[in-house]
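**Q** Prediction below, plus the sequence it came from.
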Amino acid sequence: MNQSVGKKKISIVIPVYNEESNIEKLFNEVHSVLSHLPYNFEIIFVDDGSADGSLLKVRELTQKHDFIFFIELSRNFGHQNALKAGLDFSQGDCAITMDGDLQHPPSLIPDLIQMWEQGSDIVFTRRMEDKKLSWFKRKTSSLFYSMINKLSDLKLENGTADFRLMDRKVLNAFAKLRENELFLRGLVKWSGFRQVAVDYIPQERHSGKTKYSLFKMISLAFNAVTAFSIKPLKLIAYIGLSLFLLSLCFIPYVLISYFMNKTISGWTSLMMVVIFFGSLQLLILGIIGLYFSKMVIQSKQRPLYFVRDTNYPSQIHLN
Ligand code: UDP
Ligand code: MG
């Protein structure tokens, strides 16, 4: 029994998607850290439509401990939505989100709490450059952050992951968000609450494999940029304007050539122009399409997730 009167309560929110082999070890580590701290706590596992025995493992834990809760989503809604579900349900004075694969070291939890007690509303973490991670993962990750920073108005620091502490007032503010295609890292920065960073050395994934394929990373990056900036649309307008001005200069040349009877059919240059403008138009249409698709999805106002089952006592379904 960890509940005692007068103590502040910490919620730990862990999204799991096929993390069967990590859950027990993660729980043991988190529990041994928390049990030494003078706080009440709850651990909320959000099962994001796992196809393996993850939910079963979590349910077993809920039988043994009264501070463990599960939220079973009706299908796989994605990492960001699973996090939102856990945060919406949590009732602590603050909530800490972390991955279910032990890459986010539980030993950092006391540091996060200490910074929070010192007055920060959000304590986010920065993953330090780690030689153990594959070269590919490190490169794609730093490309991810530099692309977001260049193309949007956000300034995200390299290696900020979804391992962070948020105060109750931030959680209440976030509960009001109705934004589809969430990018929590960006929203945290955008929200403007008092925030501070803690650096950590990432661990290797305990077992299982990453759910963020290269394609998913690219899709998250597109999401992040289009959610926080219209810079790509402006860029399109600038390209359009420059090409228009360029073509104005080209017209006299074409006319003079015509009147001087120098119009020799040039297949190569024609092909180059066709290919260049063809692909440019596709690119531009694609970017406009990305924004348009965001409007279509948002206009439906669908909830971010559905809960199939939970043992959480609160009946408030904020989403
Ligand atoms: N996750 C999830 N739903 C998904 C994909 C991932 O809940 O659709 C969870 C996953 O179980 C893990 C966390 O999100 O706890 C981060 O995923 P992962 O470790 O695969 O990402 P990486 O650390 O490789 O970027
Ligand atoms: Mg991971």
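**A** Thanks, I have the structure now. Ligands and ions are numbered 1, 2, ... in the order given.
**Q** can you pull out the strands in this protein?
**A** If DSSP state E is used as the criterion, the strands of the chain fall at 9-16, 40-47, 68-73, 94-97, 122-127, 160-167, 195-200, 307-310.
**Q** Next, count neighbours for residue 204.
**A** 11 (other CB atoms under 10 Å). In this view, the C-beta of every residue, glycine as well, is placed from N, C-alpha and C.
**Q** Which pLDDT value does the model give it?
**A** Looking at residue 204, its pLDDT is 78.
**Q** Quick check: chain neighbours aside, which residue is closest to it?
**A** Leaving aside its sequence neighbours, residue 204 sits nearest to residue 132 (CB to CB, 6 or more residues apart in numbering; 5.8 Å).
**Q** Hmm, residue 103 and that neighbour touching each other?
**A** No - here residue 132 lies out of contact with residue 103, judged by CB atoms under 8 Å, at a distance of 10.5 Å.
**Q** anything in contact with each of these two?
**A** 202, 204 (CB atoms under 8 Å, 6 or more residues apart in numbering).
**Q** okay, those two: which has more neighbours?
**A** residue 103 (20 against 10).
**Q** tell me the phi and psi of the more buried one?
**A** phi -70, psi -30 (degrees, to the nearest 10).
**Q** Near ligand 2, which residues of this protein? Just list them.
**A** 99, 101, 103 (CB under 5 Å from the ion).
**Q** what's the pLDDT at the residue nearest to residue 204?
**A** Model confidence at residue 132 (pLDDT) stands at 70.
**Q** same check, this time on residue 254
**A** 78.
**Q** ok, how many other residues are close to it?
**A** For residue 254, the neighbour count with other CB under 10 Å is 10.
**Q** From residue 32, how far off is it?
**A** Noted for residue 254: a distance of 77 Å to residue 32, by CB to CB, to the nearest Å.
**Q** again with residue 240
**A** Distance from residue 240 to residue 32, by CB to CB: 59 Å.
**Q** got any ranges where the stretch 151-300 of the chain has weak pLDDT?
**A** Scanning the stretch 151-300 of the chain for pLDDT under 70 picks out 262-265.
**Q** and residue 26, what does it touch?
**A** Taking CB under 8 Å, 6+ apart, we find residue 26 in contact with 14, 19, 100-102, 106, 206.
**Q** out of those residues, who's nearest ligand 2?
**A** When those are compared for distance to ligand 2 (CB to the ion), residue 101 wins out at 4.3 Å.
**Q** Which residues of the chain lie near ligand 1?
**A** Those residues of the chain that sit near ligand 1, judged by CB under 6 Å from any ligand atom, are 15-17, 19, 48, 76, 78-79, 82, 99-101, 103, 210-212.
**Q** Of those residues, just the buried ones, PyMOL syntax please.
**A** This is the PyMOL syntax for the buried subset of those, where burial follows 16 or more other CB atoms under 10 Å:
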select buried, resi 15+16+17+19+48+76+78+79+82+99+100+101+103+211
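**Q** Show me the two of the residues of the chain next to ligand 1 that sit farthest apart.
**A** 76 and 103 (19.8 Å; CB to CB).
**Q** the longest helix in this protein is where?
**A** helix 267-300 (DSSP state H).
**Q** distance between that one and the chain's centre?
**A** Chain-centre distance of helix 267-300: 26 Å, with CA atoms, centre = their mean, to the nearest Å.
**Q** Only the buried residues of that helix, if you could.
**A** For helix 267-300, using 16+ other CB under 10 Å, the buried residues are 284, 287, 294.
**Q** Verify the contact between the first one and residue 236 for me.
**A** Yes - assessed by CB under 8 Å, residue 284 is found in contact with residue 236 at 5.1 Å.
**Q** Give me the nearest residue to residue 8, chain neighbours excluded.
**A** Nearest one to residue 8, counting by CB to CB, 6+ apart, is residue 93 at 4.5 Å.
**Q** show me the residues around the one you found that make contact.
**A** Residue 93 neighbours (CB under 8 Å, 6+ apart): 8-10, 167-168.
**Q** Equivalent analysis for residue 73, please.
**A** Residue 73 neighbours (CB under 8 Å, 6+ apart): 46-49, 81-82, 85, 305-308.
**Q** Any of these buried? List them.
**A** Looks like the contacts of residue 73 have 46-49, 81-82, 85, 305, 307 buried, using 16+ other CB under 10 Å.
**Q** Might one say that residue 288 is in contact with residue 235?
**A** No - here residue 288 lies out of contact with residue 235, judged by CB under 8 Å, at a distance of 11.6 Å.
**Q** which residues does the spatially closest residue to residue 182 that is not a sequence neighbour contact?
**A** In space, and not counting its chain neighbours, residue 182 is closest to residue 80: 4.1 Å by CB to CB, 6+ apart. Contacts for residue 80 (CB under 8 Å, 6+ apart) come out as 162, 181-184.
**Q** quick one: pLDDT of residue 80?
**A** 94.
**Q** Also residue 28?
**A** So, for residue 28, pLDDT stands at 96.
**Q** What is the neighbour count of residue 219?
**A** Residue 219, neighbours per other CB under 10 Å, totals 14.
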